[in-house]
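A.B. asks: Here's my sequence, what's the structure:
(chains A and B)
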2 protein chains.
Amino acid sequence: EIVDAIAARLADGPLKGRRIVVTSGPTHEPIDPVRYIANRSSGAQGTAIARALAALGAEVVFVTGPAQVAPPEGVTVHKVETARQMRDAALAALPADVVICAAAVADWRMAEEAASKIKKTRDGLPTLSFAENPDILAEISQMETGRPALVVGFAAETDDVEANATAKRARKGCDWIVANDVSPGTGIMGGAENAVTLISEEGAEAWPRMTKDRVARRIAEKIADALRAG
Amino acid sequence: EIVDAIAARLADGPLKGRRIVVTSGPTHEPIDPVRYIANRSSGAQGTAIARALAALGAEVVFVTGPAQVAPPEGVTVHKVETARQMRDAALAALPADVVICAAAVADWRMAEEAASKIKKTRDGLPTLSFAENPDILAEISQMETGRPALVVGFAAETDDVEANATAKRARKGCDWIVANDVSPGTGIMGGAENAVTLISEEGAEAWPRMTKDRVARRIAEKIADALRAG
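C.D. replies: Presented below is the predicted three-dimensional model:
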C-alpha cells in the first residue's frame, strides 16, 4: 500500500488531477442505545477500489462506514456510521470527477431511535417502524448542476443479478452498476473474491471470478479509460 | 494469557476441578441474507471473566457470539451467531458447577428470516415481525434437575440500574446479577472499563469503576469463595 501511495505521488498516473469520492463499508442504523441494524459488507471491495484509484494517481476521498478492513493509505478518510451521515459526507466532498458508491447503505432506518434500551415486556414484542434512508446514489446521479462526469453504483443481489442491476441503473440514473451475487453460497460477502457484472449504457459485461484487488484494478483502469475518452 | 493458562495448569488454583460455562459477546439475528440485527457488545467483559476463571484453575467452556475481541487461551471455545445457537451450545456444555451468562443476547429475532434480500419497493417500507428468542439465563436458572450451583446473569441497563437489575434477578431465578450502566455517556459498552453493581440474595454491592480485567478477577475470586462456602 505504501509503495502504491508513493508510486502514485511520483508517477504521472492516468488519474492524476482527478478527484474521486468512494463510499464503502456497511452502515449501522441504531434501534436504541445498544442495538442496531447492520449488514454483512466487510468494506473489502470499496477499500480495494480506493487503493487502486490512488495508485493510478487520483485524489481519493474515502467515506467509510464501520468496516472490518482498515482504510487504504494515501486517501482522505471520513468515518461515518449511519446512511444519513454517509450522504452528508459524500455530498460535502463534491465537486468530484467521479463518485463510486460501493457502500452497502441501509435502505431504511428506525422511524424513531429509542433513547433508552427497549425492554422485554410482558405484553409482547416491540413494534419497530421504519423510515426510508436517503438514496445517495440516486441523489448524486440526478444532480442538475455539478453532477460528476461518472457515477458508479453497486448492486448486491441474491436473485436475477443482471436483470435487477440493469433495472437499478435505469432507476437511479447512474452511469455504471457493478453488480454482484451475494447469495450465501458464493462466499463473496466478506470473502476475498468477487464475481461482478458491469452494467453500462453498452449492456452487461460479465467478468470472471477474481480477487477483489483485481476487480478493483480493472474498475480503476476502466474509469481512467472513460475519463480519457470523455 | 499464555502465562495465565500455564499457571492455571501448574497451580492448584481455587477453581481446580470446577467446570464453568461462560457465554459472551453479542448475538446476530439475520433479517435476510445480507442484513442482521446486532448489538454493541464487544465481548470484552465476558472474555476477561473466562480468562480470570481459567487463571484460577477452572475448566472453562466459552460460548461466544461474533465478538470484537479474541477468545482467551486455555479455554474450550464454541463460536455461535444467533441466540438459538448460543442456547444450544450452552445447554450442551452442561452439567457445570457455574454458568455465567455474560453475552448480550438479542431478546428477539425475525419471526421469519427472508431467504432473499428484501428489496426496496415502490409501495413502501417492509414490515418486520419479531419472535421472542430463548431466554438462556432463565432456562438454566430454573432447571429442575442438574441446575448449576451458581448461575450468574448480566444486566445492561440504561435507566434505574439497581432497581431494574434486582427485578431481573427475581424474574430469572438466577443467583447473582452483574449490572452495568451502558448509557452512551459512560463509554462502558465497547470500552476498557466497567462500573458494576453486584446483585445477590444479600442485596446490592456497588463496585468502583475499574478495568474490565479487574472486574473479571474480582468476579472470579468471588465465585471461588462462594463455591468454597457452599
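A.B. asks: what's the neighbour count on residue A:162?
C.D. replies: 17 (other CB atoms under 10 Å in any protein chain shown). The way it works is simple: take the backbone N, C-alpha and C, and place the C-beta from them, glycine included.
A.B. asks: Surely it and residue A:179 touch.
C.D. replies: Yes. Counting by CB atoms under 8 Å, residue A:162 does reach residue A:179; the two are 6.8 Å apart.
A.B. asks: which residues do these two both contact?
C.D. replies: Any residue near both residue A:162 and residue A:179 by CB atoms under 8 Å, 6 or more residues apart in numbering or on different chains counts here, and that gives A:197, A:199.
A.B. asks: what residue ranges in chain A score low on pLDDT?
C.D. replies: Filtered on pLDDT under 70, chain A yields the residue ranges A:1-11, A:120-124.
A.B. asks: and the residue most central in space within it, what does it touch?
C.D. replies: Residue closest to the mean C-alpha point of chain A, counted by CA atoms, centre = their mean, is residue A:102 at 1.4 Å. Counting by CB under 8 Å, 6+ apart, residue A:102 touches A:22-24, A:45-46, A:49, A:154, A:178.
A.B. asks: helices or strands up against the helix ranked longest in chain A?
C.D. replies: Longest helix in chain A by number of residues (criterion: DSSP state H): helix A:212-229. In this structure, helix A:212-229 packs against helix A:44-55, strand A:98-101, strand A:150-157, strand A:193-194, with contacts taken as 3 or more CB pairs under 8 Å, 6 or more residues apart in numbering or on different chains; DSSP states H and E.
A.B. asks: Go again with 6 Å.
C.D. replies: Helices and strands touching helix A:212-229, by 3 or more CB pairs under 6 Å, 6 or more residues apart in numbering or on different chains; DSSP states H and E, are helix A:44-55.
A.B. asks: hang on, the earlier thing: can you list the contacts of residue A:102 in CSV and add neighbour count?
C.D. replies: Compiled in CSV, those are given as follows (neighbours: other CB atoms under 10 Å in any protein chain shown):
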residue, neighbour count
A:22, 31
A:23, 31
A:24, 30
A:45, 27
A:46, 30
A:49, 30
A:154, 27
A:178, 24
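A.B. asks: Dump the host helix or strand of residue A:162 to PDB, restricted to CA.
C.D. replies: Counting by DSSP states H and E, the element that carries residue A:162 is helix A:161-172. In PDB, the C-alpha atoms belonging to helix A:161-172 read as follows (Å, rounded to 0.1, in the frame of the first residue of the first chain):
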ATOM      1  CA  VAL A 161     -28.400 -10.400 -10.800                       C
ATOM      2  CA  GLU A 162     -28.200  -8.900 -14.300                       C
ATOM      3  CA  ALA A 163     -31.900  -8.000 -14.700                       C
ATOM      4  CA  ASN A 164     -32.100  -6.400 -11.200                       C
ATOM      5  CA  ALA A 165     -28.900  -4.500 -11.700                       C
ATOM      6  CA  THR A 166     -30.000  -3.200 -15.200                       C
ATOM      7  CA  ALA A 167     -33.200  -2.000 -13.700                       C
ATOM      8  CA  LYS A 168     -31.400  -0.400 -10.900                       C
ATOM      9  CA  ARG A 169     -29.100   1.500 -13.300                       C
ATOM     10  CA  ALA A 170     -32.100   3.000 -15.100                       C
ATOM     11  CA  ARG A 171     -34.000   3.800 -11.800                       C
ATOM     12  CA  LYS A 172     -31.100   5.600 -10.200                       C
END
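A.B. asks: any idea how far it is from the chain center?
C.D. replies: Distance, stretch centre to chain centre, for helix A:161-172: 16 Å (CA atoms, centre = their mean, to the nearest Å).
A.B. asks: Quickly check: it near chain B or not.
C.D. replies: No. Contact of helix A:161-172 with chain B is not found when judged by CB under 6 Å from any CB of the partner chain; the minimum separation is 8.0 Å.
A.B. asks: Run through the neighbouring helices and strands of whatever helix or strand comes next after that helix.
C.D. replies: With elements assigned by DSSP H and E, the helix or strand that comes after helix A:161-172 is strand A:176-181. Using 3+ CB pairs under 6 Å, 6+ apart, the elements in contact with strand A:176-181 are strand A:150-157, helix A:161-172, strand A:196-200.
A.B. asks: Quick check: which of those is nearest to residue B:97?
C.D. replies: With CB to CB as the criterion, residue B:97 lies closest to strand A:150-157 of the helices and strands packed on strand A:176-181, at 46.6 Å.
A.B. asks: about what we covered before: taking strand A:176-181 as reference, get the angle to the longest helix of chain A.
C.D. replies: When axes from the mean of the first three to the mean of the last three CA atoms, to 10 degrees is applied, the directions of helix A:212-229 and strand A:176-181 differ by 160 degrees.
A.B. asks: Would you mind listing the outside residues contacting helix A:212-229?
C.D. replies: Residues from elsewhere that reach helix A:212-229, judged by CB atoms under 6 Å, 6 or more residues apart in numbering or on different chains: A:14-15, A:44-45, A:48-49, A:52-53, A:56, A:98, A:150, A:194, A:196.
A.B. asks: and the angle from that helix to strand A:150-157?
C.D. replies: Computed by the same axes, to 10 degrees, the angle separating helix A:212-229 from strand A:150-157 equals 150 degrees.
A.B. asks: Show me which positions of helix A:212-229 end up buried.
C.D. replies: A:212-220, A:222-224, A:226-227 (16 or more other CB atoms under 10 Å in any protein chain shown).
A.B. asks: so which of the residues you listed comes closest to residue B:170?
C.D. replies: Checking those against residue B:170 with CB to CB, the nearest one is residue A:212 at 51.8 Å.
A.B. asks: ok, the contacts of helix A:212-229 vs residue B:168, which is closest?
C.D. replies: residue A:44 (40.1 Å).
A.B. asks: number of nearby residues for that closest one?
C.D. replies: If you count neighbours by other CB under 10 Å, residue A:44 ends up with 25.
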